[in-house]
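A.B. asks: Sequence plus predicted model, see below.
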Amino acid sequence: MPDKFRNNPKAAALWAKQNLKEQLLMLEVLFWTMWGYMACTGPLAVKIFEAAYSTGLGFSQANAMLLSDEESLQLQHDLIALWILVTIEVMEFENLAEALNNPGMTYLASNDCIKRLHELILSHTDSQYACTYLAWAFVLSRLSNNPAWAPFYESLSASDSLQISANGKPIHLQMLQTCLNPDAGLFQLILSLLTKSPVFVTAVAWRTGSWLSEPNVIAFRSLIRGR
């Protein structure tokens, strides 16, 4: 925070809230860039996931004490919703079948990056990560069914850091089972997003005065529903 705001709580709160608004704008730009203009390389995918997960999908803010009003909390929830969309879009479901055979410039071209994504995703199992967790289980299921990728898939399952694979089931099935557990909060998260979030509900965006530039667009809804 700039020093000039440190002794002015009201100005500091306004500055912190403006920071949230700018984060939301940058996430929108990132989403549309990933959606329509560029493939996600391995290093880029890792950087995006590290940024998303190190900030609790945007909910962990350095100036959290200044962000307790209703508008600030709504902005943080909007950040979570957009981060969920961004992390799923990184996986490029629409090009996954082709990328498995010809990784090109996608994240599948780097085994090290895939392993890093795998470690990040499996180490975050709180409910806000459930959609991304399920999406990664789908990616792994495609790897397991492709003979060329089977050895690498097995190496992921055998990793010492991934205790989820200990009972012998394919790891993507264990991840699916985890998501379907009522305690995982997957269905509550999806229901909340589709009925209460300005990202997906235009009426809510109007009522809350959302700072999203484009709420409830087809791309958001098709992505969360698996296209």
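C.D. replies: Now that the structure is in, tell me what you want to look at.
A.B. asks: now the helices for this protein?
C.D. replies: 9-36, 42-54, 70-90, 96-101, 111-122, 130-144, 150-157, 171-180, 186-196, 202-208, 218-224 (DSSP state H).
A.B. asks: between those helices, which gets nearest to Asn63?
C.D. replies: Proximity to Asn63, assessed across the helices of the chain by C-beta to C-beta, is greatest for helix 9-36 (4.0 Å). Heads up, the C-betas are built off the backbone N, CA and C, glycines and all.
A.B. asks: Next, the angle helix 42-54 makes with the closest one.
C.D. replies: Here the directions of helix 9-36 and helix 42-54 differ by 140 degrees (axes from the mean of the first three to the mean of the last three C-alpha atoms, to 10 degrees).
A.B. asks: In CSV, list the helices of the chain along with mean pLDDT.
C.D. replies: Shown next, in CSV, are the helices of the chain (pLDDT from 0 to 100):
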stretch, mean pLDDT
helix 9-36, 89
helix 42-54, 96
helix 70-90, 93
helix 96-101, 90
helix 111-122, 94
helix 130-144, 95
helix 150-157, 86
helix 171-180, 91
helix 186-196, 94
helix 202-208, 90
helix 218-224, 85
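A.B. asks: who wins for proximity to Ser60 among those?
C.D. replies: Ser60 lies closest to helix 42-54 among the helices of the chain, at 7.9 Å (C-beta to C-beta).
A.B. asks: Contacts for that closest one next, please.
C.D. replies: The contact list for helix 42-54, computed with C-beta atoms under 8 Å, 6 or more residues apart in numbering, reads 30, 40, 58, 60, 83, 86-87, 90, 106-110, 112-114, 116-117, 120-121, 124, 129.
A.B. asks: which parts of that helix are buried?
C.D. replies: Using 16 or more other C-beta atoms under 10 Å as the test for burial, helix 42-54 gives Gly42, Leu44, Ala45, Val46, Ile48, Phe49, Ala51, Ala52, Tyr53.
A.B. asks: Looking at these, spot the one nearest Ala137.
C.D. replies: Nearest to Ala137, judged by C-beta to C-beta, of the buried residues of helix 42-54 is Phe49 at 15.4 Å.
A.B. asks: separation between the closest one and Ala13?
C.D. replies: Distance of Phe49 to Ala13, given as C-beta to C-beta, to the nearest Å: 30 Å.
A.B. asks: same thing with Leu67?
C.D. replies: 8 Å.
A.B. asks: same thing with Arg225?
C.D. replies: Distance from Arg225 to Ala13, by C-beta to C-beta: 37 Å.
A.B. asks: Compare those two (neighbour count), which wins?
C.D. replies: Between Arg225 and Ala13, counted using other C-beta atoms under 10 Å, Ala13 has the larger neighbour count: 18 against 9.
A.B. asks: ok, for the more buried one, nearest residue in space, not its chain neighbours?
C.D. replies: Leu66 (4.5 Å; C-beta to C-beta, 6 or more residues apart in numbering).
A.B. asks: quick one, what contacts that neighbour?
C.D. replies: Residues near Leu66 by C-beta under 8 Å, 6+ apart: Pro9, Ala12, Ala13, Ala16, Lys17, Ser72.
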